[in-house]
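Student: kindly return the folded structure for what I paste below:
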Amino acid sequence: MKAIVFDRFGGTEVLHEADIEIPQPGPGQVRIRVRAAGVNALDGKIRSGALAAVFPTPLPAVPGLEVAGVVDALGPGVRDVNVGDEVLGWSDTGSYAEYALATTVAPKPADLGWEQAVTLPVAGETAERALNLLDVAAGETLLIHGAAGGVGTLAVQLATGRGARVIATAGPGNQEYLTALGATATHYGEGLVDRVRDLAPHGVDAVLDAAGKGALEDSIALRGGTERIITLADFRAHQLGVTFADGPQQRSAERLSALAQDAATGKLVTAVAATYPLGRAAAAQEISDRGHVRGKLVLTVD
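Tutor: Sure, this is the predicted structure:
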């Protein structure tokens, strides 16, 4: 099968197309004929080697954490999934390929497109895990940095769904987008503390940093300390006494199915920033590495 592979750590130039063996499903796994693969900021960090101590990656490796496609083979012990089912979930073997193995998958609703479906597994799990760690509740005010990205887009909606008020930071081009999602939008950068205090005179109850772009000091100032601040992307967190949300993922087929149903009915808005064919994975990762992407970059596989 065709796959995108990297044999060494480095920039996007280490990614290349290769012919590799089609993987065979083991116990509890399904094999998926890939239709779409999500591109995440984490993919680039793993490829660069920056997270080698956290995510040991035997080389050569196929990137990609999330997948949507059609089940074409079942491993021993698989229940409730059949060959021919359209599914979305987390890839065990890398999703930048024509075929991928997965253990945790959910059915894809017929009204949900492949590109929209693959925006959900990683971003949905991360957003829900972060909101649970912060214990966000109705009536509280949550500040989200990097709110227009894949995780932020879902976190805004899931938090407002809990009855929280969300103040969301992003660039000028994403202010109307975040307002439409139900947030109170404001610009990031110089003067942020004063802008947020004007919007929330009684303070913010919790902060979720999905940007990793130097917002932690402002967050600490707004909270008056480090309590109930979580970052998903700023590796200075431990130096500042802030929680880095790098705990184990909570992959739930049931929760993913619920998110997919909400996305199919329009109750949950998903955002696809751009789509690229599999062979242009390096170009997609280069854009992802720069940040400031609205929603999710997606690779499509014919």
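Student: the residue sitting nearest the centre point of the chain sits in which helix or strand?
Tutor: With distances taken as Cα atoms, centre = their mean, the residue of the chain nearest its centroid is A123 (2.9 Å). For A123, the host element (DSSP states H and E) is helix 121-134.
Student: other SSEs contacting whatever helix or strand comes next after that helix?
Tutor: Downstream of helix 121-134, the first helix or strand assigned by DSSP H and E is strand 141-145. Helices and strands touching strand 141-145, by 3 or more Cβ pairs under 8 Å, 6 or more residues apart in numbering; DSSP states H and E, are helix 150-161, strand 165-170, strand 206-209, helix 216-223. Where C-beta positions appear, they are placed from N, C-alpha and C, glycine not excepted.
Student: looking at those, which is buried most?
Tutor: Ranked by mean neighbour count, the helices and strands packed on strand 141-145 are led by strand 206-209 with a mean of 28 (mean count of other Cβ atoms under 10 Å).
Student: quick one: pLDDT of V34?
Tutor: On the pLDDT scale, V34 is placed at 98.
Student: sketch out the low-pLDDT regions of this structure for me.
Tutor: Applying pLDDT under 70 to the chain flags residues 247.
Student: now the helices for it?
Tutor: In the chain, the helices defined using DSSP state H lie at 41-48, 114-117, 121-134, 150-161, 175-180, 192-199, 216-223, 237-240, 253-265, 281-290.
Student: export those helices to a markdown table and tack on distance to G84?
Tutor: Listed next are these as a markdown table, based on distance: least, Cβ to Cβ, whole Å:
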| stretch | distance to G84 |
| --- | --- |
| helix 41-48 | 29 |
| helix 114-117 | 15 |
| helix 121-134 | 20 |
| helix 150-161 | 29 |
| helix 175-180 | 37 |
| helix 192-199 | 50 |
| helix 216-223 | 47 |
| helix 237-240 | 44 |
| helix 253-265 | 18 |
| helix 281-290 | 27 |
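Student: of those, which is nearest V301?
Tutor: helix 114-117 (9.1 Å; Cβ to Cβ).
Student: who touches that closest one?
Tutor: Under the contact criterion Cβ atoms under 8 Å, 6 or more residues apart in numbering, helix 114-117 has outside partners 35-36, 68-69, 88, 108, 260, 263, 270, 272, 275, 298, 300.
Student: same check, this time on stretch 214-221
Tutor: Residues contacting stretch 214-221 (Cβ under 8 Å, 6+ apart): 143, 145, 169, 188, 192-193, 196, 207, 209, 226, 229, 231, 234, 236-237, 240, 242.
Student: at 6 Å what do you get?
Tutor: For stretch 214-221, contacts defined as Cβ atoms under 6 Å, 6 or more residues apart in numbering pick out H145, L192, V193, V207, D209, T226, I229, D234, L240, V242.
Student: does the fourth one touch I229 like I think?
Tutor: Yes - counting by Cβ atoms under 6 Å, V207 touches I229, with 4.4 Å between them.
Student: out of the helices and strands packed on strand 141-145, nearest to F6?
Tutor: helix 150-161 (21.8 Å).
Student: with just CA atoms, put that closest one into CSV.
Tutor: What follows is helix 150-161, C-alpha atoms only, in CSV (Å, rounded to 0.1, in the frame of the first residue of the first chain):
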residue,chain,number,x,y,z
GLY,A,150,-9.3,22.1,15.9
VAL,A,151,-9.4,21.6,19.7
GLY,A,152,-10.5,25.2,20.4
THR,A,153,-13.4,25.0,18.0
LEU,A,154,-14.9,22.0,19.9
ALA,A,155,-13.9,23.2,23.3
VAL,A,156,-15.8,26.5,22.8
GLN,A,157,-19.0,24.6,21.9
LEU,A,158,-18.6,21.9,24.6
ALA,A,159,-18.0,24.5,27.3
THR,A,160,-21.0,26.7,26.3
GLY,A,161,-23.0,23.5,26.1
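Student: name the helices or strands packed onto it?
Tutor: Helix 150-161 sits against helix 121-134, strand 141-145, strand 165-170, with contacts defined as 3 or more Cβ pairs under 6 Å, 6 or more residues apart in numbering; DSSP states H and E.
Student: quick one: contacts of the longest one?
Tutor: Same thing as helix 121-134. 40, 65-66, 89-90, 150-151, 154-155, 158-159, 206, 208, 228, 230, 245, 249-250, 256, 259.
Student: quick check: buried residues in it?
Tutor: Residues P121, V122, A123, G124, E125, T126, A127, E128, R129, A130, L131, L134 are the ones in helix 121-134 that count as buried (16 or more other Cβ atoms under 10 Å).
Student: and for stretch 288-301?
Tutor: S288, D289, V293, R294, G295, K296, L297, V298, L299, T300, V301.
Student: likewise stretch 170-188?
Tutor: A170, N174, Q175, Y177, L178, L181, A183, A185, T186, Y188.
Student: just the closest of these to V30, please.
Tutor: Here the nearest of the buried residues of stretch 170-188 to V30, counting by Cβ to Cβ, is L181; it sits at 33.0 Å.
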